[in-house]
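Participant: Structure of the sequence below:
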Amino acid sequence: MKLSVISFTGNGKQLSERIAKLLEKKLEIELYTKCEACINDNPSPDILFVKTSVSEWAKERMLERKALLFIGACGIAVRAAAPHLTDKLHDVPVLVMDEKGKYVIPILSGHMGGANDLAAYIAGKTGAEPVITTATDMNHKFAVDLFAKRNNLSIENKDGIAKVSSKVLAGKEIMMSIEEGLEITCGEAGVRVVPYPPAGFVDVVVTSENDVFDTSILLKPREYVIGIGCKKGKTVDEIDQFISRTIKETGISIRQIFALSSVSQKRDEQGIIAWCGKEGIPFFTYTAEELQEVNGSFTKSAFVKEQVGVDNVCERAAVKACGKNGKLLVPKIAENGMTIAIAVRQSS
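Facilitator: Now for the predicted structure:
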């Protein structure tokens, strides 16, 4: 996870530096400040002064899919992040910490974004007290959105989260049906797993199939990876249209995409970064050497190898990001200076 920390006072700046040292082995951290006097009095190459508004700063970091930690008042964080929010399934984690380091509060995307877990981790390293307000966490109850996140499942109908959570908090048993072969188990208290397919209503169904079920919430595996290659400067709209049309023709939902992947030379490609930020999908990159080592039969291009050092980017990147059991599903498709391929993650 990448974490961007912003401070507003001298004490906050010092705390941010301390946090960076404590967390550097676990997180990739960027430090920023709005305290111009702090920078003038004690310049540091590791801390950037934010010249834009805090809201613009937050917008840029959120598009880059970075978690945000504000060292200051909650109101500053709320006003900065609010104009750029989408929904609880796509928003990045946003946390607040007081400048004395006594409390750390996750205020956005506690479950799906991982803000609650991040707050607990920061608290454990700094000695702060995590202030968790999510009802299921407070009562140590089953949280269906957290279950989905930890098992790489997409939530097909987010309105079902509240229905399941309300039933959990009322002390009622939750029934779950899981498709065989998905290698997903649920042994949490208050959840009873029933045979698949369910004979009647169940609260939660986990499946890769497209059948219609009588359920409060439907969860599907994020089992597809899109590999992409493109000329420099391709816009987010061009990339979006290409990907949207291709996955529609393949019968894949955007929510079933686990990641987008490419060669390391594309790690800063703004169109790709913006698309991933818009869709809430992680972007993985690999060196040419790593991609060339991927086993399989791929469409080879001498031109591509001359340009980036590997004979195929999109197909190899898609399979690489799947892990050891990836399988190429849709071979290379080229259009207007872009190429994409789709691979599927398979059970071992």
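Participant: Downstream of the lengthiest strand in the chain, the next helix or strand is which one?
Facilitator: Across the chain, the longest stretch assigned as strand under DSSP state E is strand 326-335. Following strand 326-335 in sequence order, the next helix or strand is strand 338-345 (DSSP states H and E).
Participant: report the angle between the axes of that next one and strand 326-335?
Facilitator: Here the directions of strand 338-345 and strand 326-335 differ by 160 degrees (axes from the mean of the first three to the mean of the last three C-alpha atoms, to 10 degrees).
Participant: Return the distance of strand 338-345 from the chain's centre.
Facilitator: 19 Å (C-alpha atoms, centre = their mean, to the nearest Å).
Participant: Then stretch 168-175?
Facilitator: Distance of stretch 168-175 from the chain centroid (C-alpha atoms, centre = their mean) equals 28 Å.
Participant: And stretch 156-169, by the same measure?
Facilitator: Relative to its chain's centre, stretch 156-169 lies at 21 Å (C-alpha atoms, centre = their mean).
Participant: Quick one: mean pLDDT for it?
Facilitator: The average of the pLDDT scores along stretch 156-169 is 91.
Participant: Pull out the buried residues from it.
Facilitator: In terms of neighbour count (16 or more other C-beta atoms under 10 Å), stretch 156-169 has its buried residues at E156, G160, I161, V164, S165, K167, V168. Just so you know, the C-beta spots here come from the backbone N, C-alpha and C atoms, and that holds for glycine as well.
Participant: for the fifth one, what are its contacts?
Facilitator: Looking back up the chat, that one is S165. Shown in contact with S165 (C-beta atoms under 8 Å, 6 or more residues apart in numbering): A135, T136, A143, V144.
Participant: ok, it to G280 distance?
Facilitator: As judged by C-beta to C-beta, to the nearest Å, S165 and G280 stand 21 Å apart.
Participant: residue ranges for the strands of the stretch 101-250 of the chain, please.
Facilitator: When assigned using DSSP state E, counting those that start in this stretch, the strands of the stretch 101-250 of the chain occupy the ranges 103-108, 129-130, 153-155, 174-178, 191-194, 202-206, 215-221, 224-230.
Participant: any chance of these in TSV, plus distance to A259?
Facilitator: Shown next, in TSV, are the strands of the stretch 101-250 of the chain (distance: least, C-beta to C-beta, whole Å):
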stretch	distance to A259
strand 103-108	22
strand 129-130	29
strand 153-155	12
strand 174-178	23
strand 191-194	28
strand 202-206	20
strand 215-221	13
strand 224-230	5
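Participant: looking at these, which is closest to S53?
Facilitator: Each of the strands of the stretch 101-250 of the chain was scored for nearness to S53 using C-beta to C-beta, and the closest is strand 103-108 (18.6 Å).
Participant: packing partners for the closest one?
Facilitator: Packing contacts for strand 103-108, counted by 3 or more C-beta pairs under 8 Å, 6 or more residues apart in numbering; DSSP states H and E, involve helix 74-81, strand 94-97, helix 115-126, strand 129-130.
Participant: how about 6 Å then?
Facilitator: Identification of packing neighbours for strand 103-108 by 3 or more C-beta pairs under 6 Å, 6 or more residues apart in numbering; DSSP states H and E yields strand 94-97, helix 115-126.
Participant: Can you give me the buried ones in stretch 6-19?
Facilitator: Buried residues in stretch 6-19, defined by neighbour count with 16+ other C-beta under 10 Å: I6, S7, F8, T9, N11, G12, K13, Q14, L15, S16, E17, I19.
Participant: List the ones among those residues that fall in helices.
Facilitator: Counting by DSSP state H, those place N11, G12, K13, Q14, L15, S16, E17, I19 in helices.
Participant: neighbouring contacts of the longest strand of the chain?
Facilitator: By C-beta atoms under 6 Å, 6 or more residues apart in numbering, the residues outside strand 326-335 that reach it are 242, 250, 299, 314-315, 319, 339-346.
Participant: Of those residues - the most surrounded one?
Facilitator: Counting neighbours by other C-beta atoms under 10 Å, the top entry in those is C314, with 31 neighbours.
Participant: Let me know the pLDDT of that one.
Facilitator: 96.
Participant: quick one, what contacts it?
Facilitator: Residues in contact with C314 (C-beta under 6 Å, 6+ apart) are G227, I228, G229, K332, T339, I340, A341.
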